[in-house]
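Colleague: When you get a sec, could you give me coordinates for this:
(one chain, ligands or ions: 2)
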Amino acid sequence: MRFGSGLLDIKFLGGAGEVGRSGFLLEGHRRILLDYGIKIDSVTEYPSDAGRVDACILSHAHLDHSGFTPSLFGHAFPAMFATEPTMALAELLIEDSIKVHKKKHMNPHFHRNDLKSMLNRYTPCEYGKQYEFGEYSISMHDAGHICGSAISLIENLGNGRKLAYTGDLKVEKQLLEWGAEAVKSDILITESTYALKDHPAREEMMKRFVDEIREVVDNGGIALVPVFAVGRAQEMLALMNRFGLIQRTFFDGMAKAATEIVDMYPDYVKNVDLLKGAINKAMWVENPRNRKHALEGGSVILTTSGMLNGGPVLDYITRLNKNSKIFLTGYQAEGTNGRRLMEGKPLEIDGREFRVHNPFSVYDFSAHAGKTDLHKFIRESSPEKVICVHGSDESTAALVADLKGEGFDAVAPKVGETVSVEF
Ligand SMILES: [Zn+2]
Ligand SMILES: [Zn+2]
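Modeller: Ligands and ions are numbered 1, 2, ... in the order given. This next block holds a predicted model:
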């Protein structure tokens, strides 16, 4: 045996008992950080300081996982592991986040140069390949959540012990995602976003969604679909293509840049032809004339931001004709315009109140595993210890209780706590 076993301390810097600012620090032979994200509310919340780290492994591009990673490169040069699409999409989202912070006169707490130095230095990882890092081997496995998303697996080469971290996880197939398969581990850090509920059957829901959209479009209305730039935007494009609505679809906002990046990594896209066809057939809004055309009616408009907190969607929503309808397809966080719409409250646009008179529908196109899939994934990973993160207190506690009932050792730490495991 080259290296012995020992205790590994896992410190929860953020993203424990909450969704947002994920950051989990492994302190063993080396200091390895799993994700380092931010939580965007009216003010940005950051994870606790990670201090000096030897390496950071990034699960996927979303800002609640990636948003604070550049800060690690301010005065140090840790190793960085991520898939290529993750890094390219993270660059887009982090650049945008810097702009948003500046616009709101907030300090992002790192510089654009830190982001550049991260991009120049990282190790591009392929799914299933092993990367040695000192006494550890690191590998990434498809997490099925968004393009490039990964389950990180760290193996102690001395004793063969394995620790897996799911990042955000989707087991069920999506149009552009194969879905995650279980990765065997001894210690599993798992997300718990939907530990309390199952999602509706997707295929059937897609048909209802498309029928409702078709009705709006056939009546001369606009089906306005706010989308998150990374993940949902590409999935919705593919969906419009599959159900024959793509020639009536306009595509606008940061979703365009994200889609161009995803298009560069066909190996990471299931049904790549469905996406490529959609990219070719949809009308990309490049100028005010295109936007006017989109607003003439009889159209589907896919645009950012997904929670109606910025982007062209706020312009469109004030200019809809009376036959139009809004389709919310993702989670709407507390305090966002999307949540206000759901609660029947006026939106806040540029400091003014705006009351939406058009109807809206809500569809659950979640890219997270529902309760049943989450349990199945954990059982098949057959860990001896499960650590439940990335979920509300209620959600993580319910998952712990369920897992204990099945005979697992399970915990739901809070931010600031440390869990020690044999590794
Ligand atoms: Zn995510
Ligand atoms: Zn997340």
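
Colleague: quick one, helices of the stretch 301-423 of the chain?
Modeller: In the stretch 301-423 of the chain, the segments counted as helices under DSSP state H, counting those that start in this stretch are 313-317, 337-342, 371-381, 393-405.

Colleague: now the strands: where do they sit in the stretch 101-250 of the chain?
Modeller: 123-125, 130-133, 136-142, 150-156, 162-165, 187-191, 222-226, 249-252 (DSSP state E, counting those that start in this stretch).

Colleague: Make JSON lines from these and add mean pLDDT to it.
Modeller: Shown next, in JSON lines, are the strands of the stretch 101-250 of the chain (pLDDT from 0 to 100):
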{"stretch": "strand 123-125", "mean pLDDT": "98"}
{"stretch": "strand 130-133", "mean pLDDT": "98"}
{"stretch": "strand 136-142", "mean pLDDT": "98"}
{"stretch": "strand 150-156", "mean pLDDT": "98"}
{"stretch": "strand 162-165", "mean pLDDT": "98"}
{"stretch": "strand 187-191", "mean pLDDT": "98"}
{"stretch": "strand 222-226", "mean pLDDT": "98"}
{"stretch": "strand 249-252", "mean pLDDT": "98"}
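
Colleague: For N280, which of those is the nearest?
Modeller: strand 249-252 (11.4 Å; Cβ to Cβ). (Each C-beta comes from the backbone N, C-alpha and C, glycine too.)

Colleague: Could you list every helix and strand in contact with that closest one?
Modeller: Contacts defined by 3 or more Cβ pairs under 8 Å, 6 or more residues apart in numbering; DSSP states H and E place strand 249-252 against helix 232-242, strand 283-284, helix 288-294, strand 299-303.

Colleague: interface residues of this structure facing ligand 2?
Modeller: Counting by Cβ under 5 Å from the ion, the chain comes close to ligand 2 at D64, D168.

Colleague: ok, then the element right after the lowest-mean-pLDDT helix or strand in the chain?
Modeller: The weakest-scoring helix or strand in the chain, judged by mean pLDDT, DSSP states H and E, is strand 39-40 (a mean of 89). As assigned by DSSP states H and E, the chain's next helix or strand after strand 39-40 is strand 44-45.

Colleague: Give me the sheet partners of that next one and which way each runs.
Modeller: Using DSSP bridges, the strands paired with strand 44-45 are strand 39-40 (antiparallel).

Colleague: how far is the strand it pairs with from where the chain is centred?
Modeller: 13 Å (Cα atoms, centre = their mean, to the nearest Å).

Colleague: hmm, who's touching it?
Modeller: G14, E18, V19, G20, R21, E45, Y46, L63, D64, G67, S97 (Cβ atoms under 8 Å, 6 or more residues apart in numbering).

Colleague: for the residues you listed, which one is nearest H141?
Modeller: D64 (20.4 Å).

Colleague: Skipping its backbone neighbours, what lies nearest the residue in the stretch 301-423 of the chain positioned nearest to ligand 2 in space?
Modeller: Proximity of the stretch 301-423 of the chain to ligand 2 (Cβ to the ion) peaks at H390, 5.7 Å away. Spatially, and ignoring its direct neighbours in sequence, H390 is nearest to E191 (3.8 Å; Cβ to Cβ, 6 or more residues apart in numbering).

Colleague: What of T336?
Modeller: In this structure, T336 finds its nearest non-sequential neighbour in M307, 4.0 Å apart by Cβ to Cβ, 6+ apart.

Colleague: Pull out the buried positions in the longest helix seen in the chain.
Modeller: Counting residues, the longest helix in the chain under DSSP state H turns out to be helix 84-103. Judged by neighbour count (16 or more other Cβ atoms under 10 Å), helix 84-103 contains these buried residues: 84-94, 96-98, 100-101.

Colleague: circling back: can you tell me how far the residue nearest to H390 is from ligand 1?
Modeller: 9 Å (Cβ to the ion, to the nearest Å).

Colleague: Let me see the contact set for that residue.
Modeller: By Cβ under 8 Å, 6+ apart, the residues touching E191 are T166, G167, D168, L169, H368, A369, V389, H390, G391.

Colleague: From the residues you listed, list the buried ones, please.
Modeller: Judged by 16+ other Cβ under 10 Å, buried ones among those: T166, G167, D168, L169, H368, A369, V389, H390, G391.
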